[in-house]
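**Q** Give me the fold of what follows.
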Amino acid sequence: IGDLKGIESQLDYIKSIGVNTIWISPVFSSEFFDGGYDVTDFYSVDERYGTNSQLVSLVQKVHEKGMKIFMDLVAGHTSDKHPWFLQSKQSDTNLQYSDYFIWTPSKTEKPKQFVSTDCERDGNYMKNFFDCQPALNYGYANPNPEHPWEQSVDAPGPQAVRRELKNIISFWMDKGMDGFRVDMAYSLIKNDPKHIETSRLWTGISTWFKEKYPEGAFIAEWGEPTNSIGGGFHIDFLFHIGRKGYTSLFFNKKKTEDINCYFGLEGVGQVKQFIEMYQKEYGKTKGKGYISLPTSNHDIWRLACGKRTDLKQLKVAMTFLLTMPGVPCIYYGDEIAQVEPVALAQAVVDDDQLDLHFIGQDVFDVDAHRLPGVQVGAGFGKAGQIGGDLHKGAVFLHAPHNAHHGLAHGEPGGVLLPGAQQLPDGQHEPP
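**A** Numbers count the residues shown, from 1 in each chain. Reported below is the predicted structural model:
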């Protein structure tokens, strides 16, 4: 596992490939059942990565190199070991954190996505993903009066959670952080199919954020730039979340096969689905914010996997992603054509528990590919600004903290694979 000192030791390499922004995946204290996305303390760094002081030191060193640094903000849930949740499990339902989470009034009621417990509290709680990730209570857009657990967005509990979110943001921004990538930004408010209340939530937070930290920036994991940028985000990933256009370029099947994909060697794929989706989102957000097209990330497979390992093929795909208007995003190692390991464990979720088994050439499903990491961004000249100095053309390089990526303390930096070439510096000015 890599650490904060390891990232610090590689800053020269990171800058050498044109990087201007580093995005660190969750480094909060965590039980680590879901790669750091099950947080036990939003105000402290997990000891496996270092300390709060070491993170502040990293921020300072990054700034000395002329770069920026972002954190991954897990806004939608905590770990079931988080002190807030532990208090909410108590029989007294009028404590400080009792309404930070969504509880039914009785253990006899268990709607879909709710988890049973043997705790003192007479009720069941809503989860976001795994059972160990209770959903924070931001309220319901359209609360059903027959469901007392569906509190309105203006209820005391949801309002307290919003204030807590601002406190977390302020805590780290005041220590020098430059912004956040917000995990599952689209999902905070429940029963909001058109994301109307969710957009209002982020509009309010973004307005506050821009007034207090005018040089800061927000990046959304949303997948709908029209909604997210309309809600105040600077960048959104147009990616795999509920959208088929991106996957039609690279992955039309659930494993590593790229059958009938646009960038498949067979040349039988179509780009129409992606273009229609992209043009719609780009047309509605141009001049307001930026779309990001990642090469991959911690939730899906690398470009170089399965039979797609030919450098010429990979360079074509990378050229496409790096020259589209907006903010390209490079998964760590993709800049050197790193290939997915042969013997990867595929996630199999059985009764909401993660079971891993090795399956040769297959890759992780979304559920298991989460690993803690760092993502870095590279700008190609000062071609306009968003949220201070995060430039158009920034390139994010996502590097999980496992040992092989070379960001662990004392390990050598990344080098180009035989035949691979670094992308040259140059102006990248979206039209």
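
**Q** Show me the shaky parts of the stretch 101-250 of the chain.
**A** Applying pLDDT under 70 to the stretch 101-250 of the chain picks out residues 240-243.

**Q** Which residue ranges of it form helices?
**A** Along the stretch 101-250 of the chain, counting by DSSP state H, counting those that start in this stretch, helices occupy 156-173, 196-212, 225-230, 244-250.

**Q** in the stretch 1-150 of the chain, which spans are strands?
**A** Ranges of strands in the stretch 1-150 of the chain, per DSSP state E, counting those that start in this stretch, are 19-24, 28-30, 39-45, 68-74, 114-115, 125-126.

**Q** Any idea which of those gets closest to Ile336?
**A** Ranking those by proximity to Ile336 (Cβ to Cβ) places strand 19-24 first, at 14.0 Å. Any C-beta I mention is one placed from the backbone N, CA and C, and that applies to glycine too.

**Q** For the stretch 251-400 of the chain, which segments are assigned as strands?
**A** 290-294, 327-331, 345-350, 353-358, 373-378, 385-386, 390-391, 396-400.

**Q** so what's the closest residue to Phe33 other than its chain neighbours up against?
**A** Leaving aside its sequence neighbours, Phe33 sits nearest to Cys132 (Cβ to Cβ, 6 or more residues apart in numbering; 5.3 Å). Cys132 sits next to Glu31, Phe33, Asp34, Asp38, Ser79, Asp80, Lys81 when contact means Cβ atoms under 8 Å, 6 or more residues apart in numbering.

**Q** Quick check: bridge partners of the spatially most central residue of the chain?
**A** The chain has Asp183 as the residue nearest its centroid, 4.5 Å off, counting by Cα atoms, centre = their mean. Beta-bridge partners recorded for Asp183 (DSSP bridges): Val74.

**Q** what about it, distance to Ile22?
**A** 17 Å (Cβ to Cβ, to the nearest Å).

**Q** Same check on Tyr13?
**A** 12 Å.

**Q** and the two most separated of the contacts of Cys132?
**A** Farthest pair in the contacts of Cys132 (Cβ to Cβ) is Asp34 and Lys81. Separation: 12.4 Å.

**Q** and Ser53, how many neighbours does it have?
**A** Neighbour count of Ser53, defined by other Cβ atoms under 10 Å: 11.

**Q** Once you drop chain neighbours, what's closest to Gly289?
**A** Ile229 (3.5 Å).

**Q** hang on, the earlier thing: neighbour count: Asp34 and Lys81, which is higher?
**A** Between Asp34 and Lys81, counted using other Cβ under 10 Å, the more crowded position is Asp34 (22 against 16).
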